[in-house]
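>>> starting from these lines, generate the structure:
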Amino acid sequence: MQAGAFIDERINSWGASDARYGRLPGMDVLKILAIIFVVLTHCYTDTFRAVRVPELWIGAAVPVFIIIGAFNYCRKAVKMKLASPRGWYTRRNLFSYFKRIGIPYIVFMIAQLIVLPLIGYAPVTEVLLNTVKGGMGAGGYYLVVFVQLFLLVPFFYFALKRRPFLTLLVAFAVRVAFGALCERVLMPLDPYVFEGVNKLLSVRFFVCIACGMTAFLHYEKFTPRMVTVMLLGGFVISAAKFFFGGTGVYEADLAWSCLQQALWCTGITVMLLKGFVIKDATFAQKVMAFIAGSTLHILLFQQIYFCGVGVGRHLAYIDAPAALLGGLAVYILWTLAEKKAVPFVIRLLRRAAAK
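So this is what the prediction gives:
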């Protein structure tokens, strides 16, 4: 294993463009780091996070997930030779997405409907209402946003192929404009409703979606120097914000935050995708890939976990390992069920039907 190498001897250049079509070990590293930071986010108070520049670590978790999601969907669109938006919404593609995302979500939401009322966290009606918003508890908005990402893929894809710079600029402008609309017009009318609307809409991640697809479409153009400049730019913006505070103008502060997020999170993503090299598929790499595959189940499990224990304790050294290991254990059981139990039941049903 060769982590962080900037020269891959197999392709004789740093992250050659053809490498983006194969398995990228850096993707597994990104998923593992991001899910750890997601769980840690729910262990600490807002005050704790605010004084420790969260956008450089735990605050980068969800944007990185969105960026790699957009990267992967863009890769799939290229492999499909997508010619029109209609080609994305095929029965096969929709079923594949539902099987991978929808089924685990439904199972965990059923678990929420049973567990949360039993422990007295919330009545059944409230839990049921929250299922349409991504589930109750920590990070419940994420899957709703991720579904929107899937649906928006062809629109970003064709726009970025034709006018990449303009599309990035429009995504940035729409993000800032929508944020300003919520802050200055909608939230004063009803802060509770419109703060929730803002959180559940993917508009606040439009820049991340555009950056993720750009990273794939222009993979070979991201040189070590360019990535270093991006990371340095993201760090400088964070440092300036930390030491000098905001400008006091909401739109300006939001614009700088979006730029910081784009530079820092895209830089980290590309650095690991192109710089993390594994020459041979080792046992350690397979374990890492398996753990990376558990991120969805960890995300869903930690919602129930934090509802049960409450985030008010802020015991990161207990709650973070418990949420991570609990989600991983559920994923192991889920995988065993998919590979062993479900086929066994299907065989039994077929035999019974044959008789």
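
>>> all contacts plus neighbour counts: C-alpha atoms, from now on.
Noted.

>>> need the three-state assignment for G134.
Remark: G134 carries the secondary structure label coil [criterion: DSSP: H, G, I helix; E, B strand; the rest coil].

>>> now do the contacts for it.
140-144 (CA atoms under 8 Å, 6 or more residues apart in numbering).

>>> ok, now with 10 Å
By CA atoms under 10 Å, 6 or more residues apart in numbering, the residues touching G134 are 105, 109, 140-146, 200, 300.

>>> same check on L263?
The contact partners of L263, by CA under 10 Å, 6+ apart, come to 208, 211, 227-235, 237, 257.

>>> can you lay out these as a markdown table showing distance to E220?
Compiled in a markdown table, the contacts of L263 are given as follows (distance: CA to CA, whole Å):
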| residue | distance to E220 |
| --- | --- |
| C208 | 19 |
| C211 | 14 |
| V227 | 12 |
| T228 | 15 |
| V229 | 16 |
| M230 | 16 |
| L231 | 18 |
| L232 | 20 |
| G233 | 21 |
| G234 | 21 |
| F235 | 24 |
| I237 | 26 |
| S257 | 27 |
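
>>> on that earlier part again, between the contacts of G134, which is nearest G275?
Closest approach between the contacts of G134 and G275, by CA to CA: F146, at 26.3 Å.

>>> is it true that the closest one touches I68?
No. Under the contact definition of CA atoms under 10 Å, F146 does not touch I68, with a separation of 11.3 Å.

>>> which one of these two is surrounded by more residues?
The neighbour count for F146 versus I68, taken as other CA atoms under 10 Å, is higher for I68 (26 against 21).

>>> ok so, going back, among the contacts of G134, name the ones in strands.
Of the positions in these, not one sits in strands, assigned by DSSP state E.

>>> can you pick the most crowded of these?
Neighbours here are counted as other CA under 10 Å. On that basis the top member of the contacts of G134 is L300, with 27 neighbours.

>>> nearest residue to the middle of the protein?
Most central in the chain under CA atoms, centre = their mean is F65, positioned 2.3 Å from the mean C-alpha point.

>>> if we can go back for a sec, most neighbours out of the contacts of L263, which is it?
Of the contacts of L263, with other CA under 10 Å as the count, C208 tops at 31 neighbours.

>>> in contact with that residue: list those residues for me.
Going by CA under 10 Å, 6+ apart, the list of residues near C208 reads 62-71, 168, 171-172, 202, 214, 258, 261-263, 265-266.

>>> ok, it to M187 distance?
Between C208 and M187 the distance is 24 Å, computed by CA to CA, to the nearest Å.

>>> circling back to that earlier point, from the contacts of G134, which is closest to L273?
Proximity of these to L273 (CA to CA) peaks at F146, which lies at 20.8 Å.

>>> nearest spatial neighbour of the closest one, skipping sequence neighbours?
Beyond its immediate neighbours in the sequence, the residue positioned closest to F146 (CA to CA, 6 or more residues apart in numbering) is I66, lying 7.4 Å away.

>>> so that neighbour sits against C211, correct?
Yes. The pair I66 / C211 is scored as a contact, 9.4 Å apart, by CA under 10 Å.

>>> between those two, what contacts are shared?
Between them, I66 and C211 share these contacting residues under CA under 10 Å, 6+ apart: 205, 265.

>>> ok, the residue nearest to F146 to V193 distance?
Following CA to CA, the distance that separates I66 from V193 is 24 Å.

>>> give me the more crowded residue out of those two.
Here I66 and V193 are compared on neighbour count by other CA under 10 Å; more neighbours surround I66, at 25 against 11.

>>> for that one, give me its contacts.
Contacts were defined as CA under 10 Å, 6+ apart; by that measure I66 touches 72, 142, 145-146, 149, 202, 205-212, 265.

>>> looking at these, which is nearest F276?
Relative to F276, the closest of the contacts of I66 is C265; by CA to CA it sits at 16.1 Å.
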